[in-house]
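Undergrad: model the structure of this input:
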Amino acid sequence: MARILGPLWESQAVFETKQQGQQMLCSTVTGEGLGWVLDELRGLRDFLEKNALSSGPAAANGFGSPRNIHQRMLGFLRPDAGVSGAGQVQQQLQRKYQTEAQAAEKASLVQVQQLVHRTCEVLGLWRALCEHPFQVVAAGLPKEMQNQLRGLRFRDVIVNGKEILSALITCLINRYLGDDATTDAISSRLREVCPSLYSTEDAVCSKANELLQSASKTQSSVDRMKMLKESLQLYRQISSQINLPMVCGQFQQVHFYDGVVELSLNSAQRRDPQGLALHHYRSGEPPEDTQGSMAFTARLECYKCVTDALGQLVTISQEHPGSPSVPNRPGPPPDTRGRLSAVDAQQYVDQMMRLALKSEDELFHVALYDWLVSTGLQDKLLEISSPYIEPYLTRAAQYQGDNIATYDLLWKYHEKSRNYSAAAQILSKLAERHSTDVDLKQRIEYLSRAAMCAKSSTQAGGAADGEFLHELEEKLEVARLQVQVCEALARGGSRLSQGQEALGQLNAELVDITRLYGDFADPFRLSECKLAIIHCAGHHDPTLVESLWQEIVQKELSDSTGSPADTRMTMLGNKLVKLGRTYASSDRFFPLAFLVKLLERKVLELGFEQEWAFSTLLNIPVPVSKLLTIYDRLFKAKDPCWQAARRPLHVLEAIFLLLTKYATEPSLVPAYERRQFTMVCLDCIASYLVELEAMSSTEAGVQELVRNFRGLQARLERLL
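TA: Numbers count the residues shown, from 1 in each chain. The predicted structure is shown next:
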C-alpha cells in the first residue's frame with residue numbers, strides 16, 4: 001500500500017491558480033492520474049478481502065510466529081519443561097499468547113482493510129470531482145472551507161477529511177440542480193464509488209431536493225403539486241437525518257405549508273420513536289430524566305418549524321394592504337412578485353391550523369397552544385375542538401398559578417363547553433384570590449360571571465349548585481358594598497396614608513361584611529356605607545339607623561357650607577332622594593318620622609323653603625297619605641323644639657302646604673284611593689281648625705292660617 005500511495009500520500013491536495021481574473025483551487029492530480037492508483041488499490045482491496053481470514057492461522061505456525069517465540073522463551077526460562085506440572089503451565093501460557101497474537105494480527109489486518117476501503121472511496125470521489133471539473137465544484141465551497149482545503153494533503157483528506165468531502169459532494173449535487181439536470185446519474189455513481197461518504201439517504205435527499213427545485217420552476221400547478229408531494233415523501237424517509245429548518249424553509253418559499261406540517265411531525269416521531277418526550281412532559285419535566293429531556297428538546301425543535309412558519313404567515317396577514325413602507329436602502333423598489341398577500345397568508349394560516357389540529361401528537365398540540373398564547377392569540381384556543389385542550393389549560397393553571405390569563409382561558413373554555421359548574425368554581429376562586437393583579441372591579445365581574453354560570457348549571461339540572469349560587473349572590477352583594485366603601489374613601493380620606501393603605505387592602509382581596517364595617521366603614525366615618533352594610537346584613541338597630549341618617553344629612557350640609565341656600569337644598573335633596581329610593585321600602589332602615597322631623601328642623605335652622613322637606617320626600621317617592629300621617633303625628637306631639645325656635649305653627653304650616661299640593665295635583669294619589677284620602681284630609685283640617693280657633697287670636701299667623709285652611713277645605717270638598 002505504501003508503494004502505491006507513496007507519491008500521493010504527502011502531496012498537497014490542491015493548488016491555487018488564477019482563471020478569468022479569479023483565484024481558483026485546482027486538484028494537483030488529474031482524473032487520469034488517479035486511474036492507475038485506483039486500479040492498484042482495488043486489486044489490493046480484493047486480495048485482502050480474499051485472504052484476510054485464511055492467512056492468520058497459517059502464519060502463526062511459522063518459526064517467527066509469536067507462538068514459536070514464546071515456546072523458546074519458556075524453554076529458556078524453565079529447563080524443567082518436561083515435568084508434567086510445569087508442562088501444563090507452559091501449555092496454558094502458550095495458548096494465551098497465541099490467542100492474543102492472533103487477535104492483534106486480525107485487528108491490524110482489519111485496520112489495513114478499512115484504510116484501503118477508505119482510500120478507494122476518497123480517491124474515487126476525487127476522480128469524479130476532477131471530471132466536472134474540480135475547480136468549478138470547489139468554487140461553491142464557503143470561504144472558510146476553501147481556506148481549509150488549501151492547506152490539506154491527500155493524507156489529511158483521506159484520514160480526517162469527511163467534512164470537506166461532504167461539502168464537496170454537496171457542491172457537486174448543487175451544480176447539477178443549478179443546471180436543471182437530473183441527479184439520478186451522479187447519485188448512482190457516487191453511491192458506487194464512495195458509499196460511506198454518499199449513503200442511500202444522501203441519494204434520497206438529493207432526489208428530493210431536485211424535485212423541490214424543479215417544482216419551484218414549474219408553471220403547471222398540477223405538476224408542481226405532484227413534485228412537491230413526491231419530494232415530501234422522499235424527505236419523510238430520511239426525516240430524522242435532514243436539516244429540517246432548511247427543508248421547511250424551502251417548502252415555505254414555494255408555499256407548500258402542508259409539507260412543513262407533515263414533515264415536521266414525521267421528523268419529531270422519528271427522533272423520538274419510543275415516546276420518551278411525552279412521558280417526560282407528563283411527569284412534570286424532571287431534570288434528572290436526561291433521556292426524556294433530550295427527546296423533549298428534539299421534538300420541540302421539530303415543532304418550531306411549524307410555529308415559525310405560522311408566525312411568518314400571521315405577520316403577513318396582519319399587514320395593511322395599502323400601508324407604505326420605508327425602504328431599508330436606496331435603489332429600485334424590491335421585487336414583490338411571489339410575495340403573499342394578507343388574504344392569502346390568512347388562508348394558509350387556516351389551512352395549516354386545520355392540518356395541525358388533526359394530529360394525534362399531544363406534545364405538538366402543547367407546543368402549538370404555547371405558541372398561540374405567546375403571540376397573543378390565546379383566544380384562538382377557545383375555537384379549538386380537541387381532546388388535548390382541556391388537559392393543556394388545566395396543567396397550565398397548575399404550573400402557572402400566578403398567571404391570571406391562564407385561568408381566564410380555562411373558565412372561558414369550560415363555559416364554552418357548557419361545563420358551567422367548573423367555570424363558576426374557577427371564576428369564584430379568581431374573585432377571591434389575594435393579589436394586586438386583579439382589582440376590585442375585575443373581582444366583581446368574576447363574581448357576576450360566576451353567578452351566571454352557576455345559575456345556568458342549576459337550570460341545566462345541577463341541583464348541587466343551588467347552594468353555591470346563593471353563596472355567590474351574597475358575596476356579590478358584599479363586593480358591591482366594598483366598591484361603595486372604596487369610592488367613598490377615594491372621595492374623602494384617600495389623601496391620608498391610612499386611606500391609601502385601606503384602598504390597597506380593599507383592592508387586593510374581597511373582605512367579609514364584618515371586616516368591611518369594622519375595619520373600613522366605621523373607622524373612616526363612612527355613614528352611607530355603614531347604612532348600606534347594616535341593611536345588607538339585616539341588622540336592626542333603630543338608634544344606630546337614626547344616627548347614621550343624621551350623620552348623612554349633616555355631612556352633606558357640611559360639604560356645601562358657604563353655598564347659597566338654593567344650592568344646599570338641591571344637594572341635600574338629591575342625596576336624600578338617591579338614598580330614599582334604596583331604603584324607602586324598609587321602615588327599619590328608612591325612619592320616615594325621624595327624617596320628617598329632622599328635615600323640618602333644618603328648614604327652620606337654614607332658612608330653606610318651607611315646602612322643601614316634604615317635596616323632597618315626595619320625589620323619592622313617599623306616598624302623600626303616609627306623609628300626612630307622619631306630619632299629623634308630629635303636630636299632635638307638640639314637641640317643644642318648635643316653640644324654642646319661635647315657630648310653634650311650623651308643622652301646621654307644612655301640613656297646609658302639603659295638602660295644598662295635593663289639591664293642586666290630585667294625581668299624587670291613585671284614583672281609587674283619592675275619595676277616601678280627601679275625606680281624611682277634610683277630617684284633619686277640621687281638627688286643625690278647632691285647635692287654631694282655640695288659640696289666642698292675637699298670636700301671629702293664627703288668623704291667616706285659619707283662613708288658608710278654610711279655603712283649602714273648600715277646594716278639597718270640590719274633589720269629592
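Undergrad: please tell me how far Trp36 sits from Leu123.
TA: According to CB to CB, to the nearest Å, Trp36 and Leu123 sit 11 Å apart. C-beta coordinates here come from the backbone N, C-alpha and C atoms, glycine included.
Undergrad: tell me which of those two has more neighbours.
TA: Leu123 (24 against 10; other CB atoms under 10 Å).
Undergrad: distance of the more buried one relative to His365?
TA: Relative to His365, Leu123 is positioned 52 Å away (CB to CB).
Undergrad: give me the nearest residue to Ser214, chain neighbours excluded.
TA: Once flanking residues are discounted, Ser214 sits nearest to Met227: 5.6 Å by CB to CB, 6 or more residues apart in numbering.
Undergrad: run through who's touching the strand or helix carrying the one you found.
TA: Using DSSP states H and E, Met227 sits within helix 221-237. Helix 221-237 has contacts (CB atoms under 8 Å, 6 or more residues apart in numbering) with 201, 204-205, 207-209, 211-212, 214-215, 218, 242, 247, 251, 254, 256, 259, 262-263, 266.
Undergrad: 6 Å - rerun?
TA: The contact list for helix 221-237 (CB atoms under 6 Å, 6 or more residues apart in numbering) reads 204, 207-208, 211-212, 214-215, 218, 247, 256, 259, 263, 266.
Undergrad: for stretch 581-590, same thing?
TA: By CB under 6 Å, 6+ apart, stretch 581-590 touches 535, 540, 545, 620.
Undergrad: one more time with 8 Å, if that's ok
TA: Under CB under 8 Å, 6+ apart, the answer for stretch 581-590 is 531-532, 534-535, 540, 542, 545, 580, 592, 620, 622.
Undergrad: please, where are all the strands along this structure?
TA: Along the chain, the stretches classed as strands by DSSP state E are 14-19, 22-27.
Undergrad: how about the last one: buried residues?
TA: Residues of strand 22-27 classed as buried: 24-25, 27 (neighbour count, 16 or more other CB atoms under 10 Å).
Undergrad: burial measure for Glu653, as a count.
TA: For Glu653, using other CB under 10 Å, the count is 17.
Undergrad: using CSV, lay out the buried residues of strand 22-27 together with pLDDT and distance to Leu340.
TA: Formatted as CSV, those follow (pLDDT from 0 to 100; distance: CB to CB, whole Å):
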residue, pLDDT, distance to Leu340
Met24, 84, 41
Leu25, 84, 41
Ser27, 84, 45
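Undergrad: can you put those in TSV and add distance to Leu44?
TA: Listed next are those as TSV, based on distance: CB to CB, whole Å:
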residue	distance to Leu44
Met24	34
Leu25	30
Ser27	23
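Undergrad: need the contact list for Val193.
TA: Here Val193 is in contact with 121, 124-125, 127-128 (CB under 8 Å, 6+ apart).
Undergrad: for the residues you listed, which entry has the maximal number of neighbours?
TA: Among these, Ala128 has the most neighbours (other CB under 10 Å), with 23 neighbours.
Undergrad: OK, contacts around that residue?
TA: Ala128 touches 31, 172, 186, 189-190, 193, counting by CB under 8 Å, 6+ apart.
Undergrad: and the pLDDT for it?
TA: Looking at Ala128, its pLDDT reads 82.
Undergrad: ok, longest helix in this protein?
TA: helix 84-130 (DSSP state H).
Undergrad: neighbours around Gln676, how many?
TA: Using other CB under 10 Å, the number of residues around Gln676 comes to 11.
Undergrad: now it: how far from Ile158?
TA: Separation of Gln676 from Ile158 (CB to CB) stands at 123 Å.
Undergrad: leaving out the residues flanking it, which one is nearest to Ala479?
TA: Using CB to CB, 6+ apart, the nearest residue to Ala479 is Ile444, at 5.0 Å.
Undergrad: is the one you found in contact with Leu476, as I believe?
TA: Yes: using CB atoms under 8 Å, Ile444 is in contact with Leu476, at 7.0 Å.
Undergrad: low-confidence ranges, the stretch 1-150 of the chain, go.
TA: Low-confidence segments of the stretch 1-150 of the chain, defined by pLDDT under 70: 21, 52-86.
Undergrad: switch the cut-off to 50
TA: Residue ranges of the stretch 1-150 of the chain with pLDDT under 50: 55-83.
Undergrad: again, but for the chain
TA: The chain contains residues with pLDDT under 50 at 55-83, 322, 334-337, 494.
Undergrad: chain center to stretch 102-119: distance?
TA: Chain-centre distance of stretch 102-119: 60 Å, with CA atoms, centre = their mean, to the nearest Å.
Undergrad: alright, I will stop here.
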